[in-house]
Every structure is written in structure tokens, then in C-alpha cells.
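Colleague: Dropping a prediction and its sequence here:
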Amino acid sequence: MALRAGGAAGRLAALLPLLLALLAAGAVNGSSAEAAEPLGGRAEPGLNATVSTEVEFGVCTVTCGIGIREVLLTSGCPGTEAKCIVRVEECRGPVDCGWGIPISEGLACVKMPCIYIPPENRFKYVWKMLIPNKTAHILPNDSAVMEVCRDTHSVTFQCETQENGNIIASVKYTVYATTEMRTKKSRIETGQSRRTTTDAILVFCLVTGIIVTVGMIFAMIFMILRWAVVKSIWESKSGQDSQDKKLANKRSLCNME
């Protein structure tokens with residue numbers, strides 16, 4: 001038993017330098033990998049390992065609520081590119097987005113969207129019916145898009161987009177009554193017909209003016225090219241008029257005698 005223990009100890013002593021060498025090599029590799037990683041995280045695929053932290057933010061896709069924007073790198077891009085996209089991140093503007101435009105609007109119903117970015121189920125949506133001089137009435141609808149049918153009077157709706165209990169966007173819509181919508185549509189059609197009539201008159205006047213101008217230009221060109229003929233005709237006509245005047249004068253003198 002002593003011999004076996006001594007043999008095992010001898011083999012362990014012989015392997016100890018090898019284990020120490022392997023541990024030292026692993027520590028060196030780990031430190032070199034950490035040194036190669038840039039500040040702020042690992043380098044993006046396609047970028048140099050010594051990437052700079054100089055970045056530039058693109059324009060937000062929205063002026064209110066929540067949207068997205070590009071983060072551009074201004075140094076260390078691959079190849080000859082002056083700027084390259086590092087990532088796309090969220091951006092936010094003022095909460096109140098004012099009055100929105102419905103997705104679809106017919107004579108019977110209106111479909112209205114809340115403000116959000118994908119994924120849709122990430123946010124909570126609270127629809128309210130705004131009543132003048134009264135507390136807003138919260139509707140049971142909690143979807144990102146709501147469809148309502150027109151009533152006998154106009155109604156104003158508001159959608160609040162919430163995240164973690166905070167409102168990040170708010171938009172309002174006015175759903176006009178059926179009679180008001182028909183009146184509005186008839187006014188639009190009347191205005192379009194008047195605009196069409198006015199456009200037709202303007203086009204007619206423009207075409208007439210162009211035709212008259214072109215005719216005058218051709219007449220002037222003809223007179224310039226045929227000036228000799230026109231001059232001879234004019235002179236012959238003038239001579240004939242003078243002769244007629246002379247004859248008329250002679251006849252008047254004879255009558256007087």
C-alpha cells in the first residue's frame with residue numbers, strides 16, 4: 001500500500017508542472033480576449049476590433065410618442081464607408097400627438113389606431129370617450145385599433161399608449177355623426193365640381209391665348225419673309241387710292257365750273 005501511494009504521489013508530482021502550464025496559458029488567452037473587446041461591449045459584426053466610441057444618432061421616425069432611430073458609427077467602419085449603422089434603438093417625443101388620421105373612414109364606421117411600435121402586445125392601450133365638461137368615460141376596448149360606428153351626434157375618442165404604468169403616447173379622433181358626414185361629403189363634392197369648372201375655364205382661356213399668340217407670331221414671320229410682296233401690294237393700293245382722290249378732285253372742280 002505504501003508503494004502504491006508513493007507511486008501515485010510520484011505521478012501527481014510529475015503531472016503538476018504540466019497542469020500549471022495549462023492554467024497559465026488559459027489565463028493569458030482570457031486576458032488577451034478581454035483586451036481585444038472594445039469598451040461598451042463586443043464589436044459589432046463587420047467592424048474592426050479597435051472600434052471607436054464616436055456615434056451619431058439619426059432622425060427619429062416620429063415627432064411625438066414612440067418611434068425608432070438609427071445609431072451610426074462615424075469612425076472605424078469597414079472599407080471606405082464614412083458612416084455605418086451600429087444598431088436601431090427606440091426614440092420618444094412629446095406624449096401628446098394631437099389629432100390623428102383614421103385608418104379607414106366610411107359613411108357608417110371609422111377605424112382608428114393607437115400609437116405604438118412592434119410588437120403590438122408590448123404596450124397597454126386605454127381608450128376613452130371625451131365628454132365636454134365631464135370626466136372621460138373609459139371604454140372596455142384595450143386593443144391597438146378600435147372600430148366604431150357613427151351615431152346621431154359627433155363623438156371624440158382618445159387612445160393612451162402605456163408602458164409600465166406610464167403614458168408614452170396619446171392621440172385623439174373625432175367621429176362625426178352620419179348627417180354631418182353626409183353634409184361634409186356633399187360640400188367636398190360641390191367644391192370639387194366648382195374647382196373642375198374653374199379649371200376648365202382656365203384651360204380654355206390658356207389654350208385660346210396660346211392659339212392667338214402663335215397666329216400672331218406666324219403672321220409676323222410671314223410679313224418678314226414676304227416683305228417685298230407686302231410692300232408692293234401696299235404701294236399699289238396707296239397709288240390707287242391717290243389716283244382715286246385725284247379723279248374725285250377733278251370731278252368736283254368740273255362740277256363747280
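Modeller: Structure's in. What do you need?

Colleague: Stretch 96-115: which residues count as buried?
Modeller: 97, 100, 102, 105, 110, 112-115 (16 or more other CB atoms under 10 Å). Where C-beta positions appear, they are placed from N, C-alpha and C, glycine not excepted.

Colleague: next one: stretch 112-127
Modeller: By neighbour count on 16+ other CB under 10 Å, the buried set for stretch 112-127 is 112-117, 123, 125-127.

Colleague: Could you do stretch 128-137 as well?
Modeller: For stretch 128-137, by 16+ other CB under 10 Å, it's residue 128.

Colleague: Do me a favour and get the end-to-end distance for it?
Modeller: Using CA to CA, to the nearest Å, one end of stretch 128-137 lies 5 Å from the other.

Colleague: I'd like the average pLDDT over that stretch.
Modeller: Mean per-residue pLDDT for stretch 128-137: 91.

Colleague: Other residues contacting it?
Modeller: 138-139, 155-160, 172 (CB atoms under 8 Å, 6 or more residues apart in numbering).

Colleague: of these, buried ones?
Modeller: By neighbour count, with 16+ other CB under 10 Å, those hold 155, 157-160, 172 as buried.

Colleague: Just the ones of those in helices?
Modeller: Among those, no residue falls in helices (DSSP state H).

Colleague: Tell me which two in these are the farthest apart.
Modeller: 155 and 160 (16.9 Å; CB to CB).

Colleague: need the buried residues of stretch 96-115 in CSV with pLDDT and distance to residue 194, can you?
Modeller: Converted to CSV, those look like this (pLDDT from 0 to 100; distance: CB to CB, whole Å):
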residue, pLDDT, distance to residue 194
97, 95, 34
100, 94, 30
102, 93, 27
105, 86, 23
110, 92, 27
112, 95, 31
113, 95, 34
114, 96, 38
115, 94, 37
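
Colleague: and of these, the nearest to residue 227?
Modeller: residue 105 (67.8 Å).

Colleague: Next, the contact list for the nearest residue to that closest one once chain neighbours are set aside, please.
Modeller: Leaving aside its sequence neighbours, residue 105 sits nearest to residue 111 (CB to CB, 6 or more residues apart in numbering; 7.6 Å). Each residue near residue 111 by CB under 8 Å, 6+ apart is listed here: 102-105, 145-147.

Colleague: Secondary structure class of residue 111, three-state.
Modeller: strand (DSSP: H, G, I helix; E, B strand; the rest coil).

Colleague: just the one 5 residues further on next, same as before
Modeller: In terms of secondary structure, residue 116 is coil; the call rests on three-state DSSP.

Colleague: residue ranges of the helices in this protein, please?
Modeller: With DSSP H, the ranges of helices along the chain come out as 2-36, 178-225, 227-256.

Colleague: Mind telling me which of the ones you listed the model trusts least?
Modeller: Across the helices of the chain, helix 2-36 gives the lowest mean pLDDT, at a mean of 43.

Colleague: The protein - how does it break down into domains?
Modeller: Following automatic domain parsing, one finds the domains of the chain at 40-94, 96-176, 182-234.

Colleague: what's the burial count for residue 170?
Modeller: When neighbours are counted by other CB atoms under 10 Å, residue 170 registers 22.

Colleague: Let me see the contact set for it.
Modeller: So residue 170 contacts 65, 95-97, 115, 158-161 (CB under 8 Å, 6+ apart).

Colleague: any idea how far it lies from residue 101?
Modeller: The spacing between residue 170 and residue 101, counted by CB to CB, to the nearest Å, is 15 Å.

Colleague: again with residue 219
Modeller: Following CB to CB, the distance that separates residue 219 from residue 101 is 56 Å.

Colleague: tell me which of the contacts of residue 170 is nearest to residue 215?
Modeller: Among the contacts of residue 170, residue 97 lies closest to residue 215 (CB to CB), at 57.9 Å.

Colleague: Tell me what residue 158 is bridged to.
Modeller: Applying DSSP bridges to residue 158 gives these bridge partners: residue 128, residue 172.
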